[in-house]
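Student: Got a sequence here, can you build the structure:
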Amino acid sequence: MSTPFRQFQAFHAIIERGTVTAAAEHLGISQPAISNLLGQLERRTKLKLFERARGRLVATPEAALLFEEIETVVRGLDQVNQVIFDLQNQQAGQLQVATSHALAFGFMPAEIATFGRGRPNLTIAFQSQYSGKIQEWVASGLFEIGICELPVRLEGLEVRPFTFETFCAIPEGAEAAAHPTVTPALLDDYPFIIMGADHMVTRRTREAFHSCSANFRVRGHTDLFRNALNLVKQGLGAAMVDPFTLAADDRTGYVVRRFAPEILLDMVIITAQGRPLSAIGRQFLDQVIPRMEQIAAGTTQERAGA
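Tutor: Residues are numbered from 1 along each chain as shown. Predicted coordinates:
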């Protein structure tokens, strides 16, 4: 025998609220309607659930046992209804973002925090990884949004490109630090900390030195811009660093200088083709894309004004 949930809900409300009047107000229905639901439940179950005492309904022992059994069910449906409401108002859901490490130290946590305000039921899945792994995660559906460096090596990904200027971080006191803009000629044979031999920033910096017949001396290499910057702070050499890492740093122990010719970093926002974005994902991109465009435009304006 199945019992309509609305009857259980009316019964639960009467016991929880204490009176038919309060239960009706809680459920947003009339007192006759809730009394009718209770009568239907008693007929279906063939149980006497309430006795009248001095004009009030008093739960029977059978009603007390039944209430314990249906408490979880009713509370669960109330939670489902709340989730539906939150989803309709974009206050719930899951934000799934994977980014390159450079964005993970300051930019992305700040953006997630801003997005989360006013969305108390939002859950967050956030990881930083290397670009190839981020592409795999987005293509497989593990993450909805990815921000990584070029090249994109997998098919089936929607790509939105961005280009950022990198800057030269030089230990304090270095002779080249006296110049507002540094060049390969000024840094000829000066030690550099690089991002691996095949990284686009390393390749472009090396090409700039070679085109000026200057010696690009590599003292060390690492896998993160953050690590390279920390080595610069220790006076081990200069490094080309992205604007996100610089923005999240305390700027102590080194100076930042423009580099001519400019050394660019190409990044992309990726999503999966043929897989619709969630409302949460769309709204997050609506926030983040203008911010990244603003940072990219800021470096462009600095180049134009140099």
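
Student: contacts, neighbours, all on C-alpha from now
Tutor: OK.

Student: quick one, strands of the stretch 1-150 of the chain?
Tutor: Ranges of strands in the stretch 1-150 of the chain, per DSSP state E, counting those that start in this stretch, are 50-53, 56-59, 92-99, 121-128, 145-149.

Student: in the chain, which ranges drop under the pLDDT threshold?
Tutor: 1-3, 55, 74-92, 299-306 (pLDDT under 70).

Student: would you list every one of the helices in it?
Tutor: Remark: helices assigned in the chain by DSSP state H are 5-17, 20-27, 31-45, 61-88, 101-104, 107-116, 131-140, 200-211, 225-233, 243-247, 279-305.

Student: contacting residues for residue 115?
Tutor: Applying Cα atoms under 8 Å, 6 or more residues apart in numbering to residue 115 gives the contacts 284, 287.

Student: if I look at it, how far off is residue 25?
Tutor: 36 Å (Cα to Cα, to the nearest Å).

Student: who are the neighbours in contact with residue 232?
Tutor: By Cα under 8 Å, 6+ apart, the neighbours of residue 232 are 169-171, 193, 238-239, 253-254.

Student: Mind checking which of the residues you listed are in strands?
Tutor: Judged by DSSP state E, the subset of the contacts of residue 232 located in strands is 169-171, 193, 239, 254.

Student: Count the residues that sit near residue 145.
Tutor: 26 (other Cα atoms under 10 Å).

Student: just checking, it touches residue 138?
Tutor: Yes: using Cα atoms under 8 Å, residue 145 is in contact with residue 138, at 6.5 Å.

Student: Now do the same contact list for the spatially closest residue to residue 141 that is not a sequence neighbour.
Tutor: Nearest non-adjacent residue to residue 141, counting by Cα to Cα, 6 or more residues apart in numbering: residue 272, 7.6 Å away. With contact taken as Cα under 8 Å, 6+ apart, residue 272 is in contact with 138-139, 141, 144, 156-158.

Student: change it to 10 Å
Tutor: 135, 137-141, 143-146, 155-159 (Cα atoms under 10 Å, 6 or more residues apart in numbering).

Student: anything in contact with each of residue 145 and residue 138?
Tutor: 96-98, 270-272.

Student: re the thing from before, which among the contacts of residue 272 gets closest to residue 128?
Tutor: Closest approach between these and residue 128, by Cα to Cα: residue 146, at 9.5 Å.

Student: wouldn't that closest one be in contact with residue 103 here?
Tutor: No: assessed by Cα atoms under 10 Å, residue 146 is found out of contact with residue 103, at 11.2 Å.

Student: more crowded one of those two?
Tutor: For residue 146 versus residue 103, neighbours defined as other Cα under 10 Å are more numerous around residue 146 (29 against 21).

Student: Identify the bridge partners of that one.
Tutor: Counting by DSSP bridges, residue 146 is bridged to residue 98, residue 270.

Student: so how far is residue 292 from it?
Tutor: 14 Å.

Student: okay but residue 170 is in contact with residue 259, surely?
Tutor: No: counting by Cα under 10 Å, residue 170 stays clear of residue 259, with 11.1 Å between them.

Student: Touching both of these two, which residues are there?
Tutor: When contacts are counted by Cα under 10 Å, 6+ apart, residue 170 and residue 259 have 182, 240 as shared neighbours.

Student: hmm, back to that, distance to residue 187 for the helices of the chain - can I get that in JSON lines?
Tutor: As requested, those are exported to JSON lines (distance: least, Cα to Cα, whole Å):
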{"stretch": "helix 5-17", "distance to residue 187": "76"}
{"stretch": "helix 20-27", "distance to residue 187": "75"}
{"stretch": "helix 31-45", "distance to residue 187": "84"}
{"stretch": "helix 61-88", "distance to residue 187": "55"}
{"stretch": "helix 101-104", "distance to residue 187": "25"}
{"stretch": "helix 107-116", "distance to residue 187": "30"}
{"stretch": "helix 131-140", "distance to residue 187": "30"}
{"stretch": "helix 200-211", "distance to residue 187": "9"}
{"stretch": "helix 225-233", "distance to residue 187": "14"}
{"stretch": "helix 243-247", "distance to residue 187": "20"}
{"stretch": "helix 279-305", "distance to residue 187": "20"}
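
Student: can you pull the contacts of the closest residue to residue 162 other than its chain neighbours?
Tutor: Residue nearest to residue 162 in three dimensions, not counting chain neighbours: residue 267, with 5.2 Å by Cα to Cα, 6+ apart. Taking Cα under 10 Å, 6+ apart, we find residue 267 in contact with 100, 131, 147-152, 159-164.
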